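Student: Got a predicted structure here, sequence first:
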Amino acid sequence: MRFVIVGQGISGTMLSWHLLKKGADVTVADEYQPNSSSHIAGGLMNPITGRRFVKTWMADTIFPFAETVYHEMESVLNVKFLHPIPIHKILYTTEAINDWSTRCGDAQYKPYLCNELLVELDQQFYFTKHAFEINGGFWVNSTLLLNTYRQWLKNQNRLIEGYHTWQELQHQFPDAKIIFCNGVVSQNKNPFAALPFTPTKGEILMVEIPDFNLPAVINGEITLLPTEQPHIYYAGATMHQRFDNDKPSKSGLYELKAALDATLKVPYKVVDHLASVRPAVKDRRPLVGFHHTSKNMAIFNGLGTKGFSLSPYLASTFTDTLLEGNPILPEINVARFL
Ligand SMILES: Cc1cc2nc3c(=O)[nH]c(=O)nc-3n(C[C@H](O)[C@H](O)[C@H](O)COP(=O)(O)OP(=O)(O)OC[C@H]3O[C@@H](n4cnc5c(N)ncnc54)[C@H](O)[C@@H]3O)c2cc1C
C-alpha cells in the first residue's frame, strides 16, 4: 500500500518511520521550516506535569515505548539524540509540598518520584529552595533527529521537498493514501480544516550562563534545559492562544526574562529568541483518523505540547490501523468531531 505523508515534523517523522518499518511504500512531502513547532520544541518528555503533579496521559505505556523507538532510530541513523535526564520540579508553596508528598505515597507514582526527599536547590543560583526530582524524563535533540532523518529519507528517494497542496499530491499519487502530519501550517487549506484546533504560540530563549552546570532540567515558572553546547541553555516556553503572528515578540521576551529573573540569581545573556505555534486541540487530545467522506485521506496531528512523548506510540498504533485495520483509540479518533 502506498502512503504520502504531508509534513516531516515529529508526527510525519514517527508515522513514516513505523510505516517503513512494516514494509509500506512511503513518500514524505515537506517544506523545510526551521521555525516549525518540532524544530523549536525543547523535546522534553516529562511524565509528571501540571500544577497538581499528575501523571501524563498513558505515561506507563508511552514512555517506555518512546525510549525503545528513539533508540532504534538512533542505531539506524547512527546518531545520538535521546538523553535521559532527571527533572527538578520547583516547589513554591506549602500546598505544593503537600501535593507532592501525597503523590509520593501513591504506588502508581513510585517509578516517577525518584526519591521521597526534597532536592535542596543551590542558593547560590536559585531564589527558591526546594524541588522534587522526577525520574523517567528525557530530552530529544529535536533538530538533530529531524535533520538526520530527513537526510535518510532523501537518500532513499522518499522525500519531496517544498510546499505541496493536497490536490497536487492526489494528482501525482492517485492510488496513495494522503496523511496530513502538517502541524498548524495549513489548517485552513486542507480537508480537515473543520477540526477544532486551538493553535498555541510558544516563544523560547537560548541563554548563555557562564559557570553554571545544570545537573537536571529545572521546571518551575520557566523550564531550563541544558543543550549540547557548553553553558547554553534552552529557556521556555510561553503559551498563548491569542497572537498576531508566529514571530518572536517583545511581550514574549519580557515574559520569559521575568520568569528567568524570578528563578535564577546568576546573570545570563540572551543569545537567541525563537517562536513557533503548537498544533493543540480543544480537548487536548491528538487528532488521528480518516476523513469522513474520503477514506484515502487521513490525519495524524494535534499533538499539542507533547509531540515528542506521544508520537512514537501513537504513530505505531496508527500504523497498525492503516495496515491492518486495527481500531483507533476513541479519545484520539477524529470521528469524535466529524
Ligand atoms: C516553544 C515550543 C516548545 C515546545 N516544547 C516541547 C517539548 O519540550 N516537548 C514536547 O513533546 N513538545 C514540545 N512542543 C510541542 C511540539 O513541538 C509539537 O507537539 C510537535 O512539534 C508537533 O509536531 P508536528 O509534526 O505535528 O508539526 P510541525 O512540527 O509543525 O511539523 C509540520 C511540518 O509540516 C510541513 N508542512 C505543512 N504543510 C505542508 C504542505 N502542504 N506541504 C509540505 N510541507 C508541509 C511544515 O513545513 C512542517 O515541517 C513545543 C512547541 C513549542 C512551539
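Tutor: Cool, got the structure.

Student: in the stretch 51-200 of the chain, which spans are helices?
Tutor: Here the stretch 51-200 of the chain has its helices, by DSSP state H, counting those that start in this stretch, at 59-77, 94-104, 142-155, 166-172.

Student: quick check: domain ranges of this structure?
Tutor: Using automatic domain parsing, the domain ranges for the chain come out as 2-42+142-196+282-336, 200-278.

Student: ends of the last one, how far apart?
Tutor: Counting by Cα to Cα, to the nearest Å, you get 5 Å between the two ends of domain 200-278.

Student: same question for it, mean pLDDT?
Tutor: Averaging pLDDT along domain 200-278 gives 95.

Student: near the ligand at all, it?
Tutor: Yes: residues of domain 200-278 contacting the ligand under Cβ under 6 Å from any ligand atom: 202, 204, 236-237, 276, 278. The C-beta positions use only the backbone N, C-alpha and C, and glycine is treated the same way.

Student: Nearest to the ligand among the residues you listed?
Tutor: Compare each of the residues of domain 200-278 next to the ligand with the ligand using Cβ to the nearest ligand atom and the shortest gap goes to Gly202, at 2.9 Å.

Student: Return the residues in contact with that closest one.
Tutor: Shown in contact with Gly202 (Cβ atoms under 8 Å, 6 or more residues apart in numbering): 37, 40, 236-240, 275-278.

Student: go on, His71?
Tutor: His71 makes contact with Leu82, according to Cβ under 8 Å, 6+ apart.

Student: got a markdown table for the helices of the stretch 51-200 of the chain, with distance to the ligand and mean pLDDT too?
Tutor: Below are these laid out as a markdown table (distance: least, Cβ to the nearest ligand atom, whole Å; pLDDT from 0 to 100):
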| stretch | distance to the ligand | mean pLDDT |
| --- | --- | --- |
| helix 59-77 | 10 | 98 |
| helix 94-104 | 22 | 89 |
| helix 142-155 | 7 | 98 |
| helix 166-172 | 7 | 94 |
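
Student: now the ones you listed as CSV including distance to Gly12?
Tutor: Formatted as CSV, those follow (distance: least, Cβ to Cβ, whole Å):
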stretch, distance to Gly12
helix 59-77, 14
helix 94-104, 35
helix 142-155, 10
helix 166-172, 13
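
Student: Show me which residues of stretch 149-167 are buried.
Tutor: 149-150, 152-153, 159-160, 164, 166 (16 or more other Cβ atoms under 10 Å).

Student: Stretch 236-243 too?
Tutor: By 16+ other Cβ under 10 Å, the buried positions in stretch 236-243 come out as 236-238, 240, 243.

Student: now that stretch, how far from the centre of its chain.
Tutor: Centroid separation for stretch 236-243 versus its chain: 15 Å, with Cα atoms, centre = their mean, to the nearest Å.

Student: Mind listing residues that contact it?
Tutor: Stretch 236-243 has contacts (Cβ under 8 Å, 6+ apart) with 42, 198-205, 222-223, 249, 252, 255-256, 277, 280, 305.

Student: ok, of those, which come out buried?
Tutor: Among the contacts of stretch 236-243, the ones that count as buried by 16+ other Cβ under 10 Å are 42, 199-205, 222-223, 249, 252, 255-256, 277, 280, 305.

Student: Most proximal residue of the stretch 101-250 of the chain with respect to the ligand?
Tutor: Using Cβ to the nearest ligand atom, the closest approach of the stretch 101-250 of the chain to the ligand is made by Gly183 at 2.3 Å.

Student: wouldn't that residue be in contact with Ile40 here?
Tutor: No: counting by Cβ atoms under 8 Å, Gly183 stays clear of Ile40, with 11.0 Å between them.

Student: For those two, indicate the residue with more neighbours.
Tutor: Neighbour count, other Cβ atoms under 10 Å: between Gly183 and Ile40, Gly183 has more, with 27 against 24.

Student: Next one: the spatially closest residue to that one that is not a sequence neighbour from Gly304, what distance?
Tutor: Once flanking residues are discounted, Gly183 sits nearest to Pro279: 4.7 Å by Cβ to Cβ, 6 or more residues apart in numbering. In this view, Pro279 and Gly304 are 7 Å apart by Cβ to Cβ, to the nearest Å.

Student: neighbour count winner among the two?
Tutor: Pro279 (27 against 19).

Student: tell me how far stretch 175-182 is from the chain's mean position?
Tutor: 21 Å.

Student: measure it end to end?
Tutor: End to end - Cα to Cα - stretch 175-182 spans 20 Å.

Student: Residue numbering should commence at 225 henceforth.
Tutor: New numbering, starting at 225: the last item is stretch 399-406.

Student: May I see the buried residues of that stretch?
Tutor: 400-406.

Student: Just name the closest of those to Arg560, please.
Tutor: Phe404 (17.0 Å; Cβ to Cβ).

Student: For the closest residue to the closest one other than its chain neighbours, list each beta-bridge partner.
Tutor: Setting aside the residues directly before and after it, Phe404 is nearest to Ile523 in space (Cβ to Cβ, 6+ apart), at 4.6 Å. Legend: beta-bridge partners of Ile523 under DSSP bridges are Phe404, Gly513.
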